Each structure stands twice: as structure tokens, then as C-alpha cells.
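Q: Here's my sequence, what's the structure:
(one chain, ligands or ions: 2)
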Amino acid sequence: MADQPKLRLGVNIDHVATVRNARGGAYPDPLRAAKIAEKAGADGITAHLREDRRHISDADIEGLMEVLSVPLNFEMAATDEMQKIALRHKPHAVCIVPEKREERTTEGGLEVAREENKLAHFIAPLREAGSRVSIFIAAEPAQIEAANRIGAEVIELHTGAYCDAFAEGRWDEADVELKKLRDMSTFAASLGLEVHAGHGLTYDTVTPIAAFPEVRELNIGHFLIGEAIFLGLEPAIAEMRRLMDDARDG
Ligand SMILES: CC(=O)[C@@H](O)[C@H](O)COP(=O)(O)O
Ligand SMILES: NCC(=O)COP(=O)(O)O
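A: Numbers count the residues shown, from 1 in each chain. Ligands and ions are numbered 1, 2, ... in the order given. Down below sits the predicted model:
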């Protein structure tokens, strides 16, 4: 459909830093990956500064703010330390994500409904500083309504449950998760929220999500960095871009 707004691709470069950190040196450089991603058609770069600094470092965020020509989507937990860092850099977007020290990856969405007051106060200065605040949540009406009430401009729907079900061949569950994501995209957009989605997306899972007309941005990282081993980073991203554009064109 020609009149649909463009679906943006945010490339998450966290796991370039994971490989770098495995040897403790400076190679491979996430900033170099970010510049290649820009060249390959990324509309933004996403980086998650975890509290335990297991991948992206403070210096990476500083470097990204200096070298990027596209917007930075800075993912972080709702802690005082991270708030200070975000207020110092004032990235284009701040995405608030849940974090558990012992998890292998971001397991679920933020419990906005349970911590509404605290989060409302937490995001207010970030918005005043000029960052667009996005909340990473599960596709549930209560979380979407709460994100809207606290003043978030954007929600990012966690696509992990859909991707996991798909990867493990649990097709009925994948369909159920996909339907939730579709219905909740429509619901969130009806409240005036901008809808993003991401986590665990691959070439095999991206098409139906990219076809949801309300979704404006996908953030994709781990799979692309893995695929770059086989294809190279630029072609790996270009192929994702092509699949997204094809899905959008119907
Ligand atoms: C919030 C999110 O989905 C991404 O930041 C993703 O989690 C990459 O980081 P991890 O693999 O460390 O979870
Ligand atoms: N917010 C999701 C993200 O940035 C990328 O997640 P993944 O593709 O690395 O799982």
C-alpha cells in the first residue's frame, strides 16, 4: 500500500560488543558496525546499556552520540544511574526496558501497570530533555493503557514470545502471539501511541509483523549480527530491509 508510512529499521548493535567483550579488547568495534548499518539502510541505531555492562559500554554510548548520522535509540533500565546517563547524552529516543541481572536476554516487558507513579516521575525529565520516551512492553491492554497514562509517546511490543514459538515449531502458539501483537498494535495506535516492535526477529518471522500498518519501527539485533558472520553486515541488513519493504508493499 503506497500511502502507508515508511517502516523504520533500527539496528541493535549490542552483540557486536558481546563479541568484542569476549576477548576484552577493542575489536570488533560497535561504532564501525553502526556506520555500516547506516550505509545498509538502517534508519536508527539501538543500543542497550545494561547495568552489568555485559555488552555495550558507557564509552560506546558516548562514541555513538558523536558519530551517528541517524537517531540513537538508547535502551536502559529505569534506574537513577541510567537516567543520569540519558540526561547527559539526550539521545533521540530512550526506551525503558525491564532488566534482571541473571537473565540471558530481556525476558518480558516492563510492568508499567504496577509501577505507574514511579515510572511517570522517572520519564518526565527525559521527555523534558527532548528524548522521545518509549516503553518496552508485552502485548497486553493493561500495559498499553498504563504506558499511555504515564505520558510515553511510543511503545515497543516485545516480539520474543512469538519468535520463540515460531523457532520451536509451536505453530498454534505463534499464531496466538501474532494475533495479540496485531490487535495490540491497533489498540495502542488508537490511543495515539507510536508503535514499535522487536526482540528475536529473524528473516522467517519479520514479514507478518512488518505488515501491521500501525507498526512504525522494528528494532532488530541479535539475528542480524549472527547473520553477518555468514553474509557480511551490510548484505544481512539489506536483506532485512528488503523483507520489511516487501511486507509493507503487500
Ligand atoms: C530490550 C531488547 O530486546 C534488546 O535490548 C535486547 O534485549 C538486546 O539485549 P540483550 O540480548 O542483552 O537482552
Ligand atoms: N528492542 C529489541 C531490540 O533492540 C533487538 O532485539 P534482538 O533482535 O537483539 O533480540
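
Q: contacts and neighbour counts: CA atoms only from here.
A: OK.

Q: Where is the longest helix in this structure?
A: For the chain, the longest helix by residue count, based on DSSP state H, is helix 171-190.

Q: Next SSE downstream of it?
A: Proceeding N to C from helix 171-190, the next assigned helix or strand is strand 194-198, under DSSP states H and E.

Q: tell me the angle of that next one relative to helix 171-190?
A: Interaxial angle of strand 194-198 relative to helix 171-190 (axes from the mean of the first three to the mean of the last three C-alpha atoms, to 10 degrees): 150 degrees.

Q: Which elements pack onto strand 194-198?
A: In terms of contacts (3 or more C-alpha pairs under 8 Å, 6 or more residues apart in numbering; DSSP states H and E), strand 194-198 is packed against strand 154-158, helix 171-190, strand 215-220.

Q: what's the closest of these to residue 117?
A: Minimum separation from residue 117 across the helices and strands packed on strand 194-198 (C-alpha to C-alpha) falls at strand 154-158, 17.4 Å.

Q: Redo the helices and strands packed on strand 194-198 as a markdown table? Include mean pLDDT.
A: Output for those, formatted as a markdown table (pLDDT from 0 to 100):
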| stretch | mean pLDDT |
| --- | --- |
| strand 154-158 | 98 |
| helix 171-190 | 98 |
| strand 215-220 | 98 |
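
Q: ok, and which of the ones you listed has the densest surroundings?
A: Of those, the one with the most neighbours on average (mean count of other C-alpha atoms under 10 Å) is strand 154-158, at a mean of 26.

Q: Please save the CA atoms from it in CSV.
A: Output of strand 154-158 as CSV, limited to C-alpha atoms (Å, rounded to 0.1, in the frame of the first residue of the first chain):
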residue,chain,number,x,y,z
VAL,A,154,6.0,5.3,22.0
ILE,A,155,5.5,1.7,23.0
GLU,A,156,7.7,-1.1,21.7
LEU,A,157,5.9,-4.5,21.7
HIS,A,158,8.1,-7.5,22.8
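
Q: Let me see the ranges of the strands in this structure.
A: Secondary structure of the chain (DSSP state E): strands located at 8-12, 44-48, 72-76, 93-96, 132-137, 154-158, 194-198, 215-220.

Q: list the contacts for the spatially most central residue of the chain?
A: Against the mean C-alpha coordinate of the chain, by C-alpha atoms, centre = their mean, the closest residue is residue 219 at 3.9 Å. Residues in contact with residue 219 (C-alpha atoms under 8 Å, 6 or more residues apart in numbering) are 9-12, 46, 196-199.

Q: Which ones among the residues you listed also lie next to ligand 2?
A: Within the set of the contacts of residue 219, contact with ligand 2 (C-alpha under 6 Å from any ligand atom) is found for 12, 46, 198-199.
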